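>>> Pasting a predicted model and its sequence here:
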Amino acid sequence: MSEVTVRKQRPKHLAVNQIRLPLPGIVSILHRVSGAGLFLLLPFLLFLLDRSLGSPETFETFSAVVGHPLVKLLLLGLLWAYMHHFCAGIRFLLLDMHKGTDLQAARNSSRIVLIVSIALTVIIGVKLW
């Protein structure tokens, strides 16, 4: 390569708000975030399970904790995280088996994962509350 070749000026600072990530990339990042969230909040979920299965007094503690609107919102978020992680995990298993690896199929499966996970969250959330 000669020195005459014009090089594209690289940015000195990465502008994260200007990056346009494709839908499969967004689903991949949400899969990682939902898995991390489920893992980090596992002690809270185990605490709720312990309170719900103990004695009648501990069940009262469970009812008081779960009755709070912020906790309900947190549990709804965890429900979405589980549903998204499950649906995206199935998508990634299919991609590992080389099913749906072309561009349009990958975009469609990403769209399906988002729609199904949100729909399941709404359906189960309405049933629970």
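Perfect, thanks for sending it. Numbers count the residues shown, from 1 in each chain.

>>> rest of the way, CA atoms for contacts and neighbours
Fine.

>>> tell me which residues in the longest helix along the chain are buried?
Taking DSSP state H as the criterion, the chain has its longest helix at helix 69-96. Of the residues in helix 69-96, 76-88, 91-92 count as buried by neighbour count, 16 or more other C-alpha atoms under 10 Å.

>>> which of those lies closest to Gly100?
Nearest to Gly100 among the buried residues of helix 69-96 is Arg91, at 8.9 Å by C-alpha to C-alpha.

>>> Against Ser28, how distant is the closest one?
Distance from Arg91 to Ser28, counting by C-alpha to C-alpha, to the nearest Å: 10 Å.

>>> And Pro56, by the same measure?
From Pro56 across to Ser28, the span is 42 Å (C-alpha to C-alpha).

>>> The two: which has the busier surroundings?
Each of Pro56 and Ser28 had its neighbours counted (other C-alpha atoms under 10 Å), and the higher figure belongs to Ser28 (16 against 11).

>>> what's the closest non-adjacent residue to the more buried one?
Leaving aside its chain neighbours, Ser28 sits nearest to Ala88 (7.7 Å; criterion: C-alpha to C-alpha, 6 or more residues apart in numbering).
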